[in-house]
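S.K.: my questions are about this predicted structure, shown below with the sequence.
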Amino acid sequence: MKTERLGGLATFLSGFAFKSNLFNDEEKGMPIIRIRDVIRGRSETYFSGEYDERYLVKKGDYLIGMDGEFNLARWDSEPALLNQRVCKIDSLSRTIDRGYLGRFLPAALKKIEDATPFVTVKHLSVKTLNEIEIPLPPLAEQKRIAAILDAADALRAKRREALAQLDALLQSTFLTLFGDPVENPMGWVNDSLTNHGSFKNGLNYGKSEKGIEVTCLGVGNFGSRSRIDDVSKLPSLSLNSMPPKEYLLKEGDIVFVRSNGNRALVGRCLSIHPNDNPVTFGGFCIRYRIEDSQLVATYLTHLFRTASMRSCMLQGGQGANIQNINQKVLGDLTIPLPPLTLQRRFAAIVESIERQKAAQRAHLTELAALFAALQHRAFRGEL
C-alpha cells in the first residue's frame with residue numbers, strides 16, 4: 001500500500017499561550033483546553049480575556065497532547081480555547097478521511113513517544129507530525145476501514161459503560177442500605193476509626209537492591225478499584241531483606257493514598273486480600289487495619305467512596321500545592337457503625353457485583369486484543 005507524508009495531507013494548529021492570570025474556575029469566559037483535558041474531554045478551567053477565534057476548538061475536532069504522553073482524542077464537549085502544549089488537526093486534504101486518520105494516529109503517536117528521548121518531559125513537535133508516513137488507500141477504502149474499527153471500538157465502549165453502570169449500582173446500593181454516612185440518617189452510633197483499628201504509613205523504598213522480590217502496592221495501582229484480590233499483577237521490588245512484619249499487608253487491610261500530585265487520587269482507598277502472599281505498601285500510602293469485629297472492610301471502603309465522606313476527609317487535608325491526608329486526619333473522622341449483619345449483607349452484594357465486573361473486564365480484554373489485531377491488519381492493507 002502506498003504511503004504519503006502527513007504534512008502533505010493535513011495542517012496542525014498549535015495552541016496559544018493564554019495568560020494564566022486570566023484563568024478561573026468560576027465559568028467566566030470560555031473553557032480552555034489544557035493538556036490534562038485532552039483525554040478526559042472536558043475542561044473545568046475558563047479564560048476570561050479576549051481571544052482569536054482561530055484558537056476555538058469545536059465539537060468533533062481532533063486534539064493531540066504535545067507533552068508527556070502523545071495522546072489523540074476527539075473533542076466532544078462544548079466549544080473551548082486551544083491552550084499551549086496542545087494542537088488540533090486544523091484542515092485536511094480531500095484525499096484523506098478524518099475518521100481514518102483518527103484511527104491511524106494513536107499507534108503512530110505511541111511509536112513516536114516510545115522513541116523520543118527525554119530528561120524531564122517528552123515533547124512532540126508539529127514538524128515531527130508532518131513527517132509521519134500514513135498508508136493511503138482510495139477514499140472509499142479509508143471510510144470502510146474506519147467504519148470497521150469504529151464498530152469494534154463501539155463494542156469496547158459498551159463494555160466500559162457496563163462496568164461504569166455496575167460501579168454506579170454499588171454506590172446506589174450503599175446509599176440505599178446505609179444512607180449518607182455524614183448525615184447518618186439511620187441514627188447509628190458514630191465513632192472514630194482509631195477506636196477500631198490502627199494506622200501505619202508505608203515505607204519510602206529507594207533504588208532497587210539485590211536480594212528478594214517483594215510485591216508492593218503503590219499509588220499507581222489504585223485507579224478506580226475498591227479492592228485487589230489478585231496481588232500477582234502488582235509490581236515488585238528487589239530488596240536486601242523482607243520488610244518488617246508491620247509493613248506487610250494482611251487480609252482485609254485498607255490502604256489509603258496519602259499524597260499525590262493528582263488531587264483526585266488523594267484519599268482514595270481500597271481493601272487488599274493478599275492470601276498470605278507477602279505484599280508491602282509504598283511511602284505515599286497509609287494502611288488501616290481493622291482490629292475488632294464491628295467493622296467489615298467492604299463497608300468501610302465503600303463508605304470512603306461516597307462524595308460526602310471524601311469531602312469531609314479532604315477538608316482536613318494539609319498542603320498548598322499537593323493536598324494530602326495523614327493519620328490524624330483519618331483518625332479524627334467519625335463514621336457510622338451499622339449492625340454487623342447489614343455490613344455483611346452489603347459485602348455479599350459487592351462480591352456478586354465484583355464477579356460480574358470481572359467477567360466484563362475479561363471480555364473487554366478480549367475485545368482490546370481483537371481491536372489491536374484489526375488495526376494492525378487495516379494499516380497493512382490486509383483488512
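M.R.: Cool, got the structure.

S.K.: helix, strand or coil for the closest residue to K110 other than its chain neighbours?
M.R.: In space, K110 comes closest to F70 once its chain neighbours are excluded; the distance is 7.1 Å by CB to CB, 6 or more residues apart in numbering. All C-beta atoms are positioned from the backbone trio N, CA, C, and that covers glycine. F70 falls in the coil class when you classify it by DSSP: H, G, I helix; E, B strand; the rest coil.

S.K.: tell me how many other residues crowd F70.
M.R.: 24 (other CB atoms under 10 Å).

S.K.: phi and psi next, for it.
M.R.: phi -90, psi 80 (degrees, to the nearest 10).

S.K.: what residues are up against it?
M.R.: Counting by CB atoms under 8 Å, 6 or more residues apart in numbering, F70 makes contact with I64, L109, K110, I112, E113, K122, L124.

S.K.: buried among those residues? Need that as a selection in PyMOL.
M.R.: A single PyMOL command suffices to select whichever of the contacts of F70 are buried according to 16 or more other CB atoms under 10 Å:
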select buried, resi 64+109+112+113+122+124
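
S.K.: of the contacts of F70, which belong to helices?
M.R.: L109, K110, I112, E113 (DSSP state H).

S.K.: what is the nearest of these to S352?
M.R.: K110 (37.3 Å; CB to CB).

S.K.: please report phi then psi for the residue nearest the centre of the chain.
M.R.: Nearest residue to the geometric centre of the chain (CA atoms, centre = their mean): G223, 5.5 Å. Backbone torsions for G223, taken as degrees, to the nearest 10, come to phi 60, psi -140.

S.K.: over to the one 4 residues further on?
M.R.: Backbone dihedrals for R227, given as degrees, to the nearest 10, come out at phi -160, psi 160.

S.K.: hmm, it is touching H273, no?
M.R.: Yes: applying CB atoms under 8 Å, one finds R227 in contact with H273, separated by 6.8 Å.

S.K.: okay if I get the ones in helices among the contacts of F70 as a markdown table plus distance to L370?
M.R.: Listed next are the ones in helices among the contacts of F70 as a markdown table, based on distance: CB to CB, whole Å:
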| residue | distance to L370 |
| --- | --- |
| L109 | 21 |
| K110 | 18 |
| I112 | 25 |
| E113 | 24 |
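
S.K.: and these, which two are the farthest apart?
M.R.: Greatest spatial distance among the ones in helices among the contacts of F70 (CB to CB): K110 and I112, at 7.3 Å.

S.K.: burial check on A358, number of neighbours?
M.R.: Around A358 there are 12 residues (other CB under 10 Å).

S.K.: that one falls within a helix, correct?
M.R.: Yes: assessed with three-state DSSP, A358 lies in a helix.

S.K.: residue contacts, the closest residue to L170 other than its chain neighbours?
M.R.: Distance criterion CB to CB, 6+ apart; nearest residue to L170, sequence neighbours excluded, is I353 at 5.8 Å. I353 makes contact with L166, L169, L170 under the criterion CB under 8 Å, 6+ apart.

S.K.: most neighbours out of those, which is it?
M.R.: L170 (20 neighbours).

S.K.: rewinding a little: any idea how far L265 is from the residue nearest to the centre of the chain?
M.R.: Distance, G223 to L265, using CB to CB, to the nearest Å: 9 Å.

S.K.: what do you get for D61?
M.R.: 29 Å.

S.K.: those two: which has the busier surroundings?
M.R.: Taking other CB under 10 Å, D61 and L265 do not tie; D61 has more neighbours (20 against 16).

S.K.: any idea of the pLDDT on the more buried one?
M.R.: On the pLDDT scale, D61 is placed at 95.

S.K.: got the contact list for it?
M.R.: D61 neighbours (CB under 8 Å, 6+ apart): R74, W75, K88, I89.

S.K.: and of the residues you listed, the nearest to P31?
M.R.: Out of these, the member with the shortest distance to P31 (by CB to CB) is W75, at 10.3 Å.
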